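Colleague: The following block contains a protein sequence and its predicted model.
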Amino acid sequence: EVQLVESGGGLVQPGRSMKLSCAASGFTFSNYGMAWVRQAPTKGLEWVATISYDGSSTYYRDSVKGRFTISRDNAKSTLYLQMNSLRSEDTATYYCTRRGTGSDYWGQGVMVTVSS
Amino acid sequence: DVVMTQTPVSLSVSLGGQTSISCRSSQSLVHSDGNTYLYWYLQKPGQSPQLLIYKVSNRFSGVPDRFSGSGSGTDFTLKISRVEPEDLGVYYCYQGTHYPHTFGAGTKLELK
C-alpha cells in the first residue's frame, strides 16, 4: 500500500525558515517523480514544486522560486521542501504527492502557519 | 500561466442522478509528446484530494465506472452518473502539460 506521511509543519514567523519532510513507503520511491501541492485555508489547490525521480530536474511556481527548494533522498525514501523567507501567503496545508499517472497518491497533509 | 476555468462553481444533485462538470483551459493541453495531461480530482470533506481520472479519460485504480472523462484540446468534461453519497465534495481539474501546473478553482457537489 502506497503511503506518504508529511511532517515538519507548525507555526513560524514571517521571514523565518521551515523544512517539510515526506516519508514514502509501499512503492519504489526512486522510480517516481514527486511533487508538493498546497491549499490555503478554505481555498483551492495550488501546485508548488516537482522533482524528477533522480532529483536532476526541479520545477517551481514563480511565487516560491528562489525561496523554496524541493529535494529528495532516495536512500531514505524521503521527499523534502525547504522553505525560506516565509510569508503570510505561504500559510497552507502542504501535500506530498507521487507523480505516477499525474499526482496519483497524496499524503494527509501538514499545516504551515506563517504568522507573528 | 494556463488558466483552468471550471463551471459550475457548485452543483446540487439528487442521489441516483447524473451531472457533469466542465473545465476549459486557456491554451491547448496537448503536450509535445502527444499526450494530454488533464486530470480530475475529488476532495471529500476533511480529506486529501484523490485522483479520479488521468489523461482526460482514464479511470484511476478503484474508481467506479460511474465516473467518466472526455474532451480534447482546451475543452474537457467530467460526468458522474448514479450519484452516491460518497461522491459529495469538491471536484478539481488539473493540467500537467505546461509549467506551472495549474488547477481549476473547484466545483462543489452537494445533495439536492
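Modeller: Looks like it arrived, so ask away.
Colleague: got the residues of chain A near chain B?
Modeller: Taking Cβ under 8 Å from any Cβ of the partner chain as the criterion, chain A approaches chain B at residues A:37, A:44-47, A:50, A:59-62, A:95, A:101-109. Any C-beta I mention is one placed from the backbone N, CA and C, and that applies to glycine too.
Colleague: Buried subset of these, written for ChimeraX?
Modeller: Only the buried entries of the residues of chain A next to chain B go into this ChimeraX selection, using 16 or more other Cβ atoms under 10 Å in any protein chain shown:
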select /A:37,45,46,47,50,59,60,61,95,101,102,103,104,105,106,107,109
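Colleague: Surely A:Tyr60 touches A:Val48?
Modeller: Yes: at 7.2 Å, A:Tyr60 and A:Val48 qualify as touching, with contact defined as Cβ atoms under 8 Å.
Colleague: what residues do those two have in common as contacts?
Modeller: For the pair A:Tyr60 and A:Val48, residues contacting each of them under the criterion Cβ atoms under 8 Å, 6 or more residues apart in numbering or on different chains are A:68, A:70.
Colleague: what's the neighbour count on the spatially closest residue to A:Gln108 that is not a sequence neighbour?
Modeller: By the measure of Cβ to Cβ, 6 or more residues apart in numbering or on different chains, the closest residue to A:Gln108 outside its immediate chain neighbours is B:Ser48, 5.8 Å from it. One way to gauge burial is a neighbour count; for B:Ser48, by other Cβ atoms under 10 Å in any protein chain shown, it gives 19.
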